[in-house]
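1. Pasting a predicted model and its sequence here:
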Amino acid sequence: MSEEDDIILADLSDEELVEQMMDDLYDGLKEEIEESVNILLERGWTPYDILTKALVAGMTIVGHDFRDGILFVPEVLLAANAMKGGMFILKPLLVETGAPRMGKMVIGTVKGDIHDIGKNLVAMMMEGAGFEVVDLGINNSVESYLDALEKEQPDILGMSALLTTTMPYMKVVIDTLIAQKKRDDYIVLVGGAPLNEEFGRAIGADAYCRDAAVAVETAKEFVQRKHNQMAAG
Ligand code: B1M
């Protein structure tokens, strides 16, 4: 029997359990993550705190070790899968705590890019904040974004990119919107680890969002501004 088998998650204190979750995420143990998420919920933790203090914090460690060559793609995939297990439980709860509909957002990861954890987090947090979210998934072409904008008529277009090689594609999408005279119809928000404010400005986005919480705040601000402008005629 391994040492891992001896640990009874429900017997750990909150602090120990969060530490253990970080280890379990690192080791890609989906079932353990799901069990721990449920334990914390039973103990009265808010979905948001579980998400940020255990899951996102744990994934940050995975990210650093991937960067430093300590973890490799298969391990990171397992960690991502474990994180998704936890997020699956939290998603409806985050949405439940949401306010009345704030506006609508279409979001997707750009062409050539399959990273979706951050994008999913943004989508979840936006839903939690009362936005209706249409998630286009990963690897979206210009056509995919434009079709969705046409069909869904959202207030906001959100794009995510995690690779320096895929982030320039956001400009392709924005330039196409400009060419089709549709750019001003939408608030364009972008995000992803390799981006920054300067890049957001340079490609013509309305704003760069550092994380999911900033995305929610920025979306609220821009939608409010849009409503005020409409009210003023
Ligand atoms: Co990838 N990967 N990966 N990877 N991966 C990175 C991004 C990398 C930085 C790792 C590293 O080397 N340090 C590196 C990119 C280097 C670069 O471009 N400069 C990298 C690489 C190189 C690759 C591959 C090329 C590896 C390979 O095959 N050799 C390959 C590319 C595949 C492809 O996309 N075509 C690849 C593959 C993968 C996996 C499949 C193994 C897996 C993805 C699983 C999945 O997403 N389903 C993976 C992962 C997990 C990572 C790291 C470790 C973690 C990313 C993550 O989920 N972070 C990542 C290292 C890192 O970022 N530190 C890495 C947690 C997430 C919560 O944060 O995504 O930043 P993040 O999202 C944040 C904010 O950025 C923001 O809010 C989110 C929540 O707070 N945000 C938005 C994100 N999108 C937004 C959109 C918005 C607003 C805010 O719209 C409004």
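-> Received, thanks.

2. For Ile70, what is the enclosing helix or strand?
-> Assessed by DSSP states H and E, Ile70 sits outside every helix and strand.

3. quick one: it and Ala57, what's the gap?
-> With distances taken as CB to CB, to the nearest Å, Ile70 is found 17 Å from Ala57. In this view, the C-beta of every residue, glycine as well, is placed from N, C-alpha and C.

4. Neighbour count: those two, which is higher?
-> Looking at Ile70 and Ala57 with other CB atoms under 10 Å, you find the greater number of neighbours at Ala57, namely 14 against 10.

5. How about the contacts made by that one?
-> For Ala57, the residues meeting the contact criterion (CB atoms under 8 Å, 6 or more residues apart in numbering) are 18, 22.

6. let's see 10 Å
-> When contacts are counted by CB atoms under 10 Å, 6 or more residues apart in numbering, Ala57 touches 18, 21-22, 25, 51.

7. element containing it, please.
-> helix 57-67.

8. Repeat that for Pro92.
-> helix 73-96.

9. Help me see whether that helix makes contact with the ligand, please.
-> Yes - counting by CB under 6 Å from any ligand atom, contacts between helix 73-96 and the ligand involve 73, 76-77, 80.

10. centre of the chain versus that helix, how much separation?
-> The offset between the C-alpha centroid of helix 73-96 and the centroid of the whole chain comes to 11 Å, using CA atoms, centre = their mean, to the nearest Å.

11. Likewise for stretch 116-123?
-> Worked out by CA atoms, centre = their mean, stretch 116-123 lies 2 Å from the chain centre.

12. got it, and stretch 224-233?
-> Worked out by CA atoms, centre = their mean, stretch 224-233 lies 28 Å from the chain centre.

13. Equivalent analysis for stretch 82-100, please.
-> From the chain centre to the centre of stretch 82-100 is a distance of 12 Å (CA atoms, centre = their mean).

14. For that stretch, C-alpha coordinates in CSV please.
-> Once side chains and other backbone atoms are set aside, the C-alpha atoms of stretch 82-100 remain, and they are given as CSV (Å, rounded to 0.1, in the frame of the first residue of the first chain):
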residue,chain,number,x,y,z
ALA,A,82,-7.9,16.6,-12.3
MET,A,83,-8.5,20.3,-12.3
LYS,A,84,-11.4,20.0,-14.7
GLY,A,85,-13.0,17.4,-12.4
GLY,A,86,-13.0,19.9,-9.6
MET,A,87,-14.2,22.7,-11.9
PHE,A,88,-17.1,20.5,-13.1
ILE,A,89,-18.4,20.3,-9.5
LEU,A,90,-17.9,24.0,-8.9
LYS,A,91,-19.3,25.4,-12.1
PRO,A,92,-23.0,25.1,-11.4
LEU,A,93,-22.4,26.4,-7.9
LEU,A,94,-20.6,29.5,-9.1
VAL,A,95,-23.3,30.1,-11.6
GLU,A,96,-26.0,29.8,-8.9
THR,A,97,-24.4,32.5,-6.8
GLY,A,98,-24.6,34.8,-9.9
ALA,A,99,-26.7,38.0,-10.2
PRO,A,100,-29.3,38.7,-12.8
